[in-house]
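Enquirer: here is a sequence together with a model predicted from it:
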Amino acid sequence: MTDELTLEIDADEPPEPTLVVALPGPGMAGISATQYLIERLGLAETGHVQTAGLPAITPYADGRPYHHTRLFSEPSLECTFLISELPIPLQLSEPFGRVLLDWIDERAVEEVTLLTSIPSLDSADALCYVASEDYRQRRLTDVEISPLHGGFLTGSNASLVARAMDTSLRTGVIATGVDPRIPLDANATLRLVEGLDLLYGFDVDTTQLREFADRTQQHYEGLAAQIEAHEETRTAGRSRSRLTDDYGFM
């Protein structure tokens with residue numbers, strides 16, 4: 001890896017006025033929510049991003065490789081989705097955001113919504129936001145999404161928001177809490193999908209995702225109960241061993 005980062009964005013058509021961006025994060029909630037919407041809305045891949053200066057990854061599914069960062073859209077929808085599975089090191093997040101924002105400016109994108117997840121949110125059942133004033137007025141006036149009261153963004157999300165602060169680009173980060181013990185937090189994914197539905201009126205059916213979230217929660221709750229029971233058994237065993245040792249037995 002070098003400190004020189006280049007991005008080559010190959011798109012079949014210009015992006016729509018609104019760009020929804022999901023980058024890697026805790027619980028994979030942003031990426032999972034975006035992937036669910038892409039499938040439910042029947043979006044087609046319309047471009048991809050190639051990078052140099054980063055560790056190479058090539059994801060695959062069913063034995064078929066695909067680009068790590070892709071664009072999806074559909075003519076009847078005024079949104080383009082950018083989904084990336086490429087981890088961006090912190091030291092390269094600023095140039096990554098700068099190049100991406102230059103492309104956004106060139107393509108006359110008017111609004112960017114960034115999806116993210118935060119392990120340390122106090123309420124795991126809430127959606128929160130960090131947004132420019134024009135984004136708040138346009139999207140958040142009549143929806144029940146609370147502001148994040150204090151802290152800081154990091155990585156490429158921080159870079160995009162910081163640069164957008166000095167432009168006319170409407171920018172908002174929609175965040176939800178995730179359980180840091182769970183690799184894939186389906187409940188957080190569901191909250192982000194429902195949040196985007198509130199903002200843009202996609203009217204997607206979330207039945208399948210909700211059922212998956214319920215099954216996932218039950219699985220992890222059962223796993224946690226098994227671990228707790230195992231720990232209680234080990235603790236009880238250690239207590240009995242100490243009593244036996246008092247009588248001189250091994």
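Expert: Cool, the structure landed.
Enquirer: and the strands in this structure, which stretches?
Expert: With DSSP state E applied, the chain shows strands at 6-11, 18-22, 44-52, 60-61, 64-65, 69-73, 79-84, 111-118, 127-131, 146-147, 170-177, listed in chain order.
Enquirer: got TSV for the ones you listed, with distance to residue 208 and mean pLDDT too?
Expert: Every C-beta, even on glycine, is put in place using the N, C-alpha and C of the backbone. Below are the strands of the chain laid out as TSV (distance: least, C-beta to C-beta, whole Å; pLDDT from 0 to 100):
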stretch	distance to residue 208	mean pLDDT
strand 6-11	30	85
strand 18-22	19	96
strand 44-52	21	91
strand 60-61	18	92
strand 64-65	23	94
strand 69-73	19	95
strand 79-84	19	95
strand 111-118	19	93
strand 127-131	20	93
strand 146-147	28	92
strand 170-177	19	93
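Enquirer: what about these, which gets the closest to residue 187?
Expert: Taking C-beta to C-beta as the criterion, residue 187 comes closest to strand 170-177 out of those, the separation being 8.8 Å.
Enquirer: which residue is nearest the centroid of the chain?
Expert: Nearest to the centroid of the C-alpha atoms of the chain, with distances taken as C-alpha atoms, centre = their mean, sits residue 30, at 2.1 Å.
Enquirer: so what's that residue up against?
Expert: Listed by C-beta atoms under 8 Å, 6 or more residues apart in numbering, the contact set of residue 30 reads 22-23, 114-117, 192.
Enquirer: could you rerun that using 7 Å?
Expert: For residue 30, the contacting residues are 22-23, 115-117, 192, by C-beta atoms under 7 Å, 6 or more residues apart in numbering.
Enquirer: per-residue confidence at it?
Expert: pLDDT, the model's per-residue confidence, is 93 for residue 30.
Enquirer: how much space between it and residue 146?
Expert: Residue 30 sits 18 Å away from residue 146, taking C-beta to C-beta, to the nearest Å as the criterion.
Enquirer: next: residue 133.
Expert: As judged by C-beta to C-beta, residue 133 and residue 146 stand 16 Å apart.
Enquirer: the more surrounded of the two?
Expert: The residue with more neighbours, out of residue 133 and residue 146, is residue 146; 11 against 8, by other C-beta atoms under 10 Å.
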